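Trainee: Fold the stuff below for me.
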Amino acid sequence: MSGHSKWATIKHKKAAADAKRGKIFTKIIRELTVAAKSGGGSPESNPRLRVAIQTAKDNNMPQDNITRAIKKGTGELPGVSYEEVNYEGYGPAGVAVYVQVLTDNKNRAASEIRSIFDKRGGNMAGAGSVAWIFEKKGLIVVNKSKISEDQLMEIVLSAGAEDLTADGDLFEVTCVPQDFENVKKALADKNIACESAEITMLPKNLVKVDSENAKQLLGLIEALEDHDDVQSVYNNADIPEDVMNEIS
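Mentor: All right, here's what the predicted structure looks like:
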């Protein structure tokens, strides 16, 4: 089956570093609060909240923290009101960069995000300039040591997956968001562990990036992800594996 998402390699390699920075709980709490505010506090009837709760559990967040965040979203406990806003721009080598933000001050967030782009070799662009490049998808990553490609394909396609690709020592399974939980459950029922499972934004096309631009691009992405208001940063960079290894 066709397609590669080399950009995902960056995400996998950075996951441990992101967790060490200690910001992941803050980001998850905001997502729990906003998900509960927008769709109610019951995970049974709120798919976005179900995913957020599972993400919290996957990151070993205490149940008390999860409950408090949800209650702040539903208004049962006082809390900060966050707004969802997306910022778009370009990084080095013309790579598209799509930034999802939850903030209590849009003007401050816009100013600070623009400053990061400017200082790191990128530039902000208007709404809609790069959003069309990305599609909202479920992405489930499985290590090749866990299962053969044929076996995995049979399981995930039966559960509603759209595509299965190989990327290094990983399989990447994609699906529409509505089928994400079905595909994930099908793997869990077979006791197949996932490296990661999330609703994400996948690029429709990729931009090849050389070593020099890759280093600058990763600096931009890390600076954006370090910002307290930023939930996720997506890009369409195709960085060769040898360049990624050199940077790592």
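
Trainee: can you list the domain ranges for the protein.
Mentor: For the chain, the structural domains run 14-74, 83-132+206-247, 134-203, going by automatic domain parsing.

Trainee: want to throw the ones you listed into JSON lines with mean pLDDT and mean neighbour count?
Mentor: All C-beta spots, glycine's among them, are computed from the backbone N, C-alpha and C. Rendered in JSON lines, the data for the domains of the chain read as follows (pLDDT from 0 to 100; neighbours: other Cβ atoms under 10 Å):
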{"stretch": "domain 14-74", "mean pLDDT": "88", "mean neighbour count": "17"}
{"stretch": "domain 83-132+206-247", "mean pLDDT": "93", "mean neighbour count": "18"}
{"stretch": "domain 134-203", "mean pLDDT": "93", "mean neighbour count": "17"}
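
Trainee: and the residue most central in space within the chain, which of the three is it?
Mentor: Most central in the chain under Cα atoms, centre = their mean is Thr200, positioned 4.7 Å from the mean C-alpha point. Taken by DSSP: H, G, I helix; E, B strand; the rest coil, the conformation at Thr200 corresponds to strand.

Trainee: check contacts around it.
Mentor: 136-139, 232, 234 (Cβ atoms under 8 Å, 6 or more residues apart in numbering).

Trainee: So which residues of the chain form helices?
Mentor: 6-20, 24-39, 47-58, 63-74, 106-119, 149-159, 180-189, 211-226, 241-247 (DSSP state H).

Trainee: Which one of these lies nearest to Leu170?
Mentor: helix 6-20 (7.2 Å; Cβ to Cβ).
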